[in-house]
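In: Sharing a model that was predicted from the sequence below.
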Amino acid sequence: MPSLIDEMIDGIASALDGVHGKRLFLQIPEGLKTYTKRIVSFLEGAGNDVFVYVTPCFGACDIPVDEAKLLGADMIVHLGHNKFYKHVTDFPVVYVPISIPIDVDDKKLHSLPKRVGILTTVQHLKYIDKIKDALLRAGKQPIVGGQILGCWTENAKKIEHGVDCFLYVGSGTFHPTALRTEKPVFVYDVEKNELIDASDLVRREEMKRYARIEKFRSCKSVGILVSTKLGQFNITGAIALKNELESRGKKAFIFVSNIIKKEYVMGMGVDCLVNTACPRIVDDDFGVPIVNLEDAILAMGDENESVEKRR
Ligand code: SF4
């Protein structure tokens with residue numbers, strides 16, 4: 001089996017086939033930064049100049065176009081993710097997803113219900129047939145959903161009606177807790193090689209969400225969070241929400257940052273926060289209640305288009 005770095009170099013070589021003598025702005029996810037020297041050597045060996053962006057990057061939503069232009073870069077090389085589900089930029093970006101091989105033990109899958117919807121992350125997408133085969137060996141009926149993100153689960157929704165449960169194959173529970181489903185959710189953790197029933201966890205996340213919405217209803221002053229990361233940026237939705245809240249007698253402020261953290265907004269004295277950026281920010285503790293924009297709209301009972309959910 002090829003090593004991870006060899007897989008990466010192969011992926012970069014094929015994605016950048018024919019790219020020589022360019023100024024490249026390289027973006028590497030946190031977990032892969034230890035491979036930076038090898039990757040840069042490879043790209044420089046092909047006659048390119050390489051600048052490495054060391055600001056943390058957690059997803060394909062985060063493409064640093066302004067910085068790339070400032071550097072006079074010809075293109076951004078974004079490692080670890082495929083193209084974001086919504087349009088981020090017209091600036092040249094080469095996405096190089098990294099595949100991580102997995103083993104799935106079919107003996108651990110016998111307890112699953114019959115019709116199993118398969119979900120995974122971009123890192124294991126190439127190996128989805130291995131998951132399917134393991135389920136078949138366990139006597140199940142696999143239905144491939146495909147990739148999900150922490151903020152995007154359309155591939156689960158499209159198969160939900162035809163499955164008895166979902167099986168997420170990956171590490172941890174960040175991605176499966178993005179699911180909003182009545183169906184049981186199982187996680188096959190590829191690092192621990194174990195099957196976990198995550199249904200209660202998914203239900204608890206949903207209950208926490210409704211508890212946050214209830215708190216939002218009674219707040220008087222609101223900080224609206226806007227991220228300048230291109231895939232998360234939603235100033236239109238933030239302004240519309242501010243106008244709507246103020247027409248209802250609340251006071252609203254728009255807080256803008258590239259990275260959104262508790263320490264950047266604490267002390268602002270607002271009763272609660274509404275997040276227009278990465279929807280998983282609300283998983284963190286901000287010291288005051290925090291809801292996503294769509295839930296603020298839900299709480300206001302306003303499902304018309306007066307407050308845009310999307311830019
Ligand atoms: S918006 Fe959040 S969950 Fe979605 S890709 Fe970006 S960092 Fe990940």
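Out: Here it is on my side, so go on. These numbers come from a predicted model, not from an experiment. Numbering: from 1, shown residues only.

In: From Pro279, how far out is the closest residue to the ligand within the stretch 51-200 of the chain?
Out: Residue nearest to the ligand within the stretch 51-200 of the chain (CB to the nearest ligand atom): Gly59, separated by 2.7 Å. Heads up, the C-betas are built off the backbone N, CA and C, glycines and all. Noted for Gly59: a distance of 11 Å to Pro279, by CB to CB, to the nearest Å.

In: list residues touching both of those two?
Out: Common contacts of Gly59 and Pro279 (CB atoms under 8 Å, 6 or more residues apart in numbering): 150-151.

In: In terms of packing, which of these two has more residues around it?
Out: Taking other CB atoms under 10 Å, Gly59 and Pro279 do not tie; Gly59 has more neighbours (21 against 17).

In: Could you show which parts of the stretch 51-200 of the chain are in contact with the ligand?
Out: 58-61, 149-151 (CB under 6 Å from any ligand atom).

In: Could you provide these in a markdown table, with additional columns for secondary structure and pLDDT?
Out: Shown next, in a markdown table, are these (DSSP: H, G, I helix; E, B strand; the rest coil; pLDDT from 0 to 100):
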| residue | secondary structure | pLDDT |
| --- | --- | --- |
| Phe58 | coil | 87 |
| Gly59 | coil | 94 |
| Ala60 | coil | 96 |
| Cys61 | coil | 97 |
| Leu149 | strand | 97 |
| Gly150 | coil | 96 |
| Cys151 | coil | 97 |
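
In: Could you single out the nearest of the residues you listed to Ile9?
Out: Using CB to CB, Ala60 comes nearest to Ile9 of those, at 20.5 Å.

In: The closest one contacts His87, doesn't it?
Out: No: counting by CB atoms under 8 Å, Ala60 sits too far from His87 to count as a contact (11.4 Å).

In: With neighbour numbers in mind, choose between these two.
Out: Neighbour count, other CB under 10 Å: between Ala60 and His87, Ala60 has more, with 23 against 10.
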